[in-house]
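**Student:** Below is the structure, and that's it, no one-letter string:
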């Protein structure tokens, strides 16, 4: 059976990482049997989650997981899309993964209140003498990643303006369709769902969340995908 190495549920989400949620949603969309394992971070081939063990073959990174699923199991998540539509879907994925992701990281890790409610809890199982030290060191490392990527060089207001524009663009592509590119889901829907779910997470207060909440079609899309693939996490 396929094993997906994940962080696990947190903050009311199926996983605290949108990339893990993307990979797990793709497995569900493909109808493949799998199990999740929360103990695999130390063995991650690229030092990050998710990665997948499929009959002894390790596949790291959510996009390579998708390509592996498509190649090995003969599944084309974008089979109903034209060449141009495939280009749009890929562009939306990259907007979310390589741009809006960093706005989310900034909101969770750099805001002291959000950090205390969220990422700081990742280290709760560490012994007290080293727990606060590790929190400071890791947070400083994240700040460095943000600076190197570029988002960390902007003010919070500037970051939220950039995020709002990106979120508006995703909402515009979705429009009044049930799924990103039409009446049936494609591969990018797993990515959009995972990121919108994390943006809407009620644990964190930020301009990113406010921007996502302002688009009724994104909120409805999130609810639709959540009911289909993670019904246990539907509130009420």
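**Tutor:** Nice, thanks for sending it over. Only a predicted model underlies this, so the values are computations on that prediction, with no experimental measurement involved.
**Student:** C-alpha only now, for contacts and for neighbours.
**Tutor:** Noted.
**Student:** which outside residues touch stretch 89-98?
**Tutor:** Stretch 89-98 has contacts (CA atoms under 8 Å, 6 or more residues apart in numbering) with 166, 170, 180, 181, 188, 191, 192, 195.
**Student:** and the residues you listed as a markdown table, adding neighbour count, distance to residue 87 and pLDDT?
**Tutor:** Converted to a markdown table, these look like this (neighbours: other CA atoms under 10 Å; distance: CA to CA, whole Å; pLDDT from 0 to 100):
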| residue | neighbour count | distance to residue 87 | pLDDT |
| --- | --- | --- | --- |
| 166 | 20 | 17 | 98 |
| 170 | 22 | 14 | 98 |
| 180 | 28 | 13 | 98 |
| 181 | 22 | 11 | 98 |
| 188 | 24 | 11 | 98 |
| 191 | 28 | 15 | 98 |
| 192 | 28 | 15 | 99 |
| 195 | 24 | 19 | 98 |
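**Student:** Columns secondary structure on top of those residues, output as a markdown table?
**Tutor:** Below are the contacts of stretch 89-98 laid out as a markdown table (DSSP: H, G, I helix; E, B strand; the rest coil):
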| residue | secondary structure |
| --- | --- |
| 166 | helix |
| 170 | helix |
| 180 | coil |
| 181 | coil |
| 188 | helix |
| 191 | helix |
| 192 | helix |
| 195 | helix |
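**Student:** now, among those residues, which is nearest to residue 54?
**Tutor:** Proximity of the contacts of stretch 89-98 to residue 54 (CA to CA) peaks at residue 191, which lies at 21.2 Å.
**Student:** Right, I'll leave it there.
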